[in-house]
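In: after the sequence you'll find the predicted model.
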There are 2 protein chains.
Amino acid sequence: MTGSNRLPAQPDTVKRGKPSSWPSRRHRNHSLKREAVVIAAARAFSAKGFHNTSLDDIAAALGVSKPTVYYYVESKEQLLFECFQAGLERIREGLRTVEDSPLSARERLNEVVRHYARAVASEFGWCMVRAEDQDLGPELSRHIKALKAEIDRGMRRLLELGIAEGSIEPCDTKMTAFAMAGALNWIAHWYRENQPMTAAQLADKFVAVFETGLLPRAGSQGGSRPRA
Amino acid sequence: MTGSNRLPAQPDTVKRGKPSSWPSRRHRNHSLKREAVVIAAARAFSAKGFHNTSLDDIAAALGVSKPTVYYYVESKEQLLFECFQAGLERIREGLRTVEDSPLSARERLNEVVRHYARAVASEFGWCMVRAEDQDLGPELSRHIKALKAEIDRGMRRLLELGIAEGSIEPCDTKMTAFAMAGALNWIAHWYRENQPMTAAQLADKFVAVFETGLLPRAGSQGGSRPRA
């Protein structure tokens, strides 16, 4: 966690669209400030846990009053859901990016893995992997499960495509997708942003782990790995 | 969760030692009852979460009074630690089992993976993967971290041995061990004992996922995997 996240400052991670796509300056400011609230919440939940964090804590981190926070989000539960969704959106973006790609299914899956690893290594990681355990109401829980199932389907589909076209070694696609998602989700338990390894480097290392497998590969004496 | 776990009944999972190793019947009864308390706690924590479970709940599940539970363990924190340790002990048992084995390091690592997967799929799984997040005191937290680090070292050592002897494809051993442990730990989030797949079947499937890797293997058209 570096830098201040007081409300008036624009958070690093906000992507500016083209000016013509902004309905109005007021609307843009509202979106930016709402995003700053969500990021501050993600950092607070990650540092102290959901139940130990109050909206007062989040307001204090932003240097604003609690009513100001309520102006942007209706409840702490809603905030957790927004954090979860913001993280998951990065993985969905990965799935969308490779949708019409000419690359092999394995390379497309690797791209999704990179998006996934970077998302879980971000400030949203904790919320992404813990949101489901936080006694949310039935509607938000259902929504979270549905979004997770969508990611799972996307990964399994790429595994199936890769096996069919020969770019991925035949495997149990369900178990492989579960193992990959588990390994990726667990990153939130050990990765910290102040580590020497960047999230992008970590993502590439995970791609290599999933690709290689433990069984020695024919003709790879001395360590070089064949690329299909 | 099947069967009753009322205190007078002997839990299924208790392994009887040889009679000669029992110091006395009284000591043995104490151990068995203490183990029943730990198993009941593991099930309650897993079903309701640590903070939502009281010692009253655990006593009620066993059909005894709260003072009876206190006779066996001093606090809820201690109980969580015992659950964690009971699960982790199964993985350590796997590491001990393969210590002097004539098998290749990869086959020994697979055996540890099988112990690991079965442990996380057991009633202790939830406690194993969540104990660290439950605001335990500094001493228990340190103890938990130390035990986890021991497992990590054991897995990395087998990876290094396997690479040196040629039974494991060269890889980043730290990242591979982290990815494997993450995938295995995550089993606690999705596996339920009443699933059609047994924990042993699940364990074998995870071994296959870790061994194979996504990259096609030379000469494996049609799906057969070469064994080194």
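Out: Received the coordinates, thanks.
In: residues near the closest residue to residue A:190 other than its chain neighbours, how many?
Out: Leaving aside its chain neighbours, residue A:190 sits nearest to residue B:178 (6.6 Å; criterion: Cβ to Cβ, 6 or more residues apart in numbering or on different chains). To be clear about C-beta, it is placed using only N, CA and C from the backbone, and glycine gets the same treatment. Per other Cβ atoms under 10 Å in any protein chain shown, the neighbour tally for residue B:178 reads 24.
In: try residue A:66
Out: Residue A:66: 14 neighbours (other Cβ under 10 Å).
In: same question for residue A:132.
Out: Neighbour tally, residue A:132, other Cβ under 10 Å: 15.
In: so what's the residue nearest to it when sequence neighbours are not counted up against?
Out: The shortest distance from residue A:132 to any non-neighbouring residue, by Cβ to Cβ, 6+ apart, is to residue A:144 (5.5 Å). Applying Cβ atoms under 8 Å, 6 or more residues apart in numbering or on different chains, we find residue A:144 in contact with A:81, A:84, A:131-132, A:136.
In: and residue A:144, how far from chain B?
Out: 13 Å (Cβ to the nearest Cβ, to the nearest Å).
In: next one: residue A:104
Out: 10 Å.
In: need the pLDDT of that residue.
Out: The model reports residue A:104 with a pLDDT of 97.
In: that one and residue A:165 touch, don't they?
Out: Yes - Residue A:104 is within contact range of residue A:165, at 6.7 Å (criterion: Cβ atoms under 8 Å).
In: please say which of the two ends up with more neighbours.
Out: Neighbour tally, residue A:104 and residue A:165, criterion other Cβ under 10 Å: the higher count belongs to residue A:104, 17 against 11.
In: got a list of what the more buried one touches?
Out: A:162, A:165, A:167.
In: which positions in the helix or strand harbouring the first one come out as buried?
Out: Using DSSP states H and E, residue A:162 falls within helix A:138-165. Going by neighbour count (16 or more other Cβ atoms under 10 Å in any protein chain shown), the buried part of helix A:138-165 is A:140-141, A:144, A:147-148, A:151, A:154-159, A:161-163.
In: stretch A:41-53 too?
Out: So, applying 16+ other Cβ under 10 Å, buried residues of stretch A:41-53: A:41-46, A:49-50, A:53.
In: tabulate those (JSON lines), appending distance to chain B.
Out: Shown next, in JSON lines, are the buried residues of stretch A:41-53 (distance: Cβ to the nearest Cβ, whole Å):
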{"residue": "A:41", "distance to chain B": "18"}
{"residue": "A:42", "distance to chain B": "16"}
{"residue": "A:43", "distance to chain B": "17"}
{"residue": "A:44", "distance to chain B": "15"}
{"residue": "A:45", "distance to chain B": "12"}
{"residue": "A:46", "distance to chain B": "11"}
{"residue": "A:49", "distance to chain B": "7"}
{"residue": "A:50", "distance to chain B": "11"}
{"residue": "A:53", "distance to chain B": "13"}
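In: and the next helix or strand along the chain from the helix holding residue A:162, average pLDDT?
Out: Using DSSP H and E, the helix or strand that follows helix A:138-165 towards the C-terminus is helix A:173-190. Helix A:173-190 carries an average pLDDT of 96.
In: picking that back up, from residue A:65, how far out is the residue nearest to residue A:132?
Out: The gap separating residue A:144 from residue A:65 is 29 Å, by Cβ to Cβ, to the nearest Å.
In: re earlier: which of the contacts of residue A:144 fall within helices?
Out: A:81, A:84 (DSSP state H).
In: between the contacts of residue A:144, which is nearest residue A:98?
Out: residue A:84 (22.4 Å; Cβ to Cβ).
In: contact partners for the closest one?
Out: Counting by Cβ under 8 Å, 6+ apart, the residues that residue A:84 touches are A:124, A:127-128, A:131, A:144, A:147.
In: and for residue A:207?
Out: A:110, A:113-114.
In: which of those tops the neighbour count?
Out: residue A:113 (26 neighbours).
In: got a list of what that residue touches?
Out: Applying Cβ under 8 Å, 6+ apart, the residues contacting residue A:113 are A:180, A:184, A:203, A:206-207, A:210.
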